[in-house]
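In: Pasted the sequence and its predicted model underneath.
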Amino acid sequence: MTSAPPNSNPTSKPPIVLSAPSGTGKPSLLTRLFAAHPQTFGFSISHTTRQPRSGETPGVDYHFVSPETFESLIAQGAFIEYTRFSGNYYGTSIEAVKAVAEGARVRVDIEMEGVKQVKRTDLGAKYVFLKPPSLEELRARLEGRGTETEESLGRRLERARVELEFAEVPGVHDKIIVNDDLDRAYEELEGYILGAIS
Ligand code: ADP
Ligand code: 5GP
């Protein structure tokens, strides 16, 4: 449903694109990576039309906007990629990538449709997929997080099935890491990313 501009690289260094089914535990791993390497990475702050969750800060976790504002940004060509996920829009703007401090490595956290679009650009990104140990464990983590209704939980699990299938396609990701044990997964992630950007 969406198309990305083919030449949209506002940054001098190839970004790291991270994707994971919702509930896999991306923030748990990435907060740690950021804390350990504060100068190295800058996070591209996405726009979304979903409501903020408790603990989320507008302009830090996301730019929370109305559907009208999001659609007007689409019309202006503001996004490198965007999609609809679980009833809401999500997108990475050119400005969000530009806003990352000079010299830092841009980190973009997106789902599968966004990955497909970024692959059509000239960003030259590295793609890392974080995988839950199983769909049963994913359900348990999403339930444990306490943020979803039964309906949105079902939608996220259904989408996770599709994302896990897509991740099996050879060559889609440069690295796949299973978030089974947090410490083990963190070491693998840190090792890969630091190696990939050096
Ligand atoms: P995401 O943002 O990827 O949707 P969250 O970071 O909200 O996922 O994680 C979902 C839940 O899973 C959280 O409650 C988190 O504490 C838990 N979690 C994350 N990593 C692990 C892990 N390796 N083992 C067990 N639980 C985890
Ligand atoms: P959540 O609502 O749990 O924060 O995010 C839902 C999904 O949307 C996650 O898989 C997350 O990585 C993805 N997502 C967040 N921002 C963007 C974005 O800018 N573009 C795309 N394509 N996906 C995003």
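Out: Received the coordinates, thanks. Numbers count the residues shown, from 1 in each chain. Ligands and ions are numbered 1, 2, ... in the order given.

In: so who does the closest residue to ligand 2 within the chain touch?
Out: Distances between the chain and ligand 2 by C-beta to the nearest ligand atom are smallest at residue 114, namely 2.5 Å. Where C-beta positions appear, they are placed from N, C-alpha and C, glycine not excepted. Residues in contact with residue 114, defined by C-beta atoms under 8 Å, 6 or more residues apart in numbering, are 17, 19, 81, 82, 83, 90, 91, 92, 108.

In: got it, and residue 55?
Out: No contacts exist for residue 55 under C-beta under 8 Å, 6+ apart.

In: Tell me the spacing between it and residue 61.
Out: Distance of residue 55 to residue 61, given as C-beta to C-beta, to the nearest Å: 8 Å.

In: Tell me which helix or strand residue 154 sits in.
Out: Here residue 154 sits within helix 150-167, counting by DSSP states H and E.

In: which other residues reach that helix?
Out: Identification of contacts with helix 150-167 by C-beta under 8 Å, 6+ apart yields 19-23, 85-87, 111-112, 129, 131-132, 135, 138-139, 142-143, 148, 172-173, 176.

In: residues touching residue 173, list them.
Out: Applying C-beta under 8 Å, 6+ apart, the residues near residue 173 are 19, 127, 128, 129, 167.

In: How about residue 34?
Out: Under the criterion of C-beta under 8 Å, 6+ apart, the contact list for residue 34 reads 41, 43.

In: From residue 127, how far off is residue 47?
Out: The value you get for residue 47 to residue 127, if C-beta to C-beta is used, is 21 Å.
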